[in-house]
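Peer 1: The following comprises the amino acid sequence and a computationally predicted model.
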Amino acid sequence: MSLDAKKELSAALIKNNELKQLVTGGFHNLVADDVAAFPRVVFSEITNRDQEYRDNRSAASEVRFQLSIFSKADTRKHETEIAKLIDKLMKDLGYGRYDSVDLYETDTKIFHRGMRYVKTFF
């Protein structure tokens, strides 16, 4: 498949003005640098595999992303609003959410909300 799913997602995040105003630490692929403010969103492609074989060729790709909202106690007030905006953005891109979990990382005192999405490209 010729679609670059990471590029599509990154562009959609950056273009969303509501998210940009709330996510003051920015959007990061895989890792955020240590100086990035909170809240921040880190996205990673966790699966990109061929699907729907026809004549021994792939006719589709299944892509899965995790988008993680990281915040600290003093920056957490917009976490739910950020999560709702991310969910809408992903659904507008044709992804379905299949998992969401709230975590607290005790060693760093960081709140982490992980949201996972899947889409099949034909």
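Peer 2: The structure has been received and is ready for your questions.

Peer 1: Do a quick rundown of the strands in this protein.
Peer 2: 27-29, 40-54, 57-71, 96-105, 110-121 (DSSP state E).

Peer 1: and the last one, which strands flank it?
Peer 2: Pointing back at strand 110-121 there. strand 57-71 (antiparallel), strand 96-105 (antiparallel) (DSSP bridges).

Peer 1: could you point out the longest helix in this structure?
Peer 2: Looking across the chain with DSSP state H, the single longest helix is helix 79-92.

Peer 1: which strands and helices sit next to that one?
Peer 2: helix 5-15, helix 17-22, strand 57-71, strand 96-105, strand 110-121 (3 or more Cβ pairs under 8 Å, 6 or more residues apart in numbering; DSSP states H and E). Heads up, the C-betas are built off the backbone N, CA and C, glycines and all.

Peer 1: Try it again at 6 Å.
Peer 2: Applying 3 or more Cβ pairs under 6 Å, 6 or more residues apart in numbering; DSSP states H and E, we find helix 79-92 packed against helix 17-22, strand 57-71.

Peer 1: Return the set of buried residues in the first one.
Peer 2: So the one you mean is helix 17-22. Going by neighbour count (16 or more other Cβ atoms under 10 Å), the buried part of helix 17-22 is Leu19, Leu22.

Peer 1: Next: stretch 65-72.
Peer 2: Neighbour-count burial for stretch 65-72, counted by 16+ other Cβ under 10 Å, picks out Phe65, Leu67, Ser68, Ile69, Phe70, Ser71.

Peer 1: contacting residues around that stretch?
Peer 2: 38-46, 79, 82, 86, 110-117 (Cβ atoms under 6 Å, 6 or more residues apart in numbering).

Peer 1: Now do Ile110: how many residues are near it, please.
Peer 2: Using other Cβ atoms under 10 Å, Ile110 has 18 neighbouring residues.

Peer 1: so Pro114 bridges to which residues?
Peer 2: Heads up, residue 114 is Gly, not Pro. Beta-bridge partners recorded for Gly114 (DSSP bridges): Ser68, Val101.

Peer 1: you'd agree it is up against Val101?
Peer 2: Yes - between Gly114 and Val101 there is a contact at 5.2 Å, judged by Cβ atoms under 6 Å.
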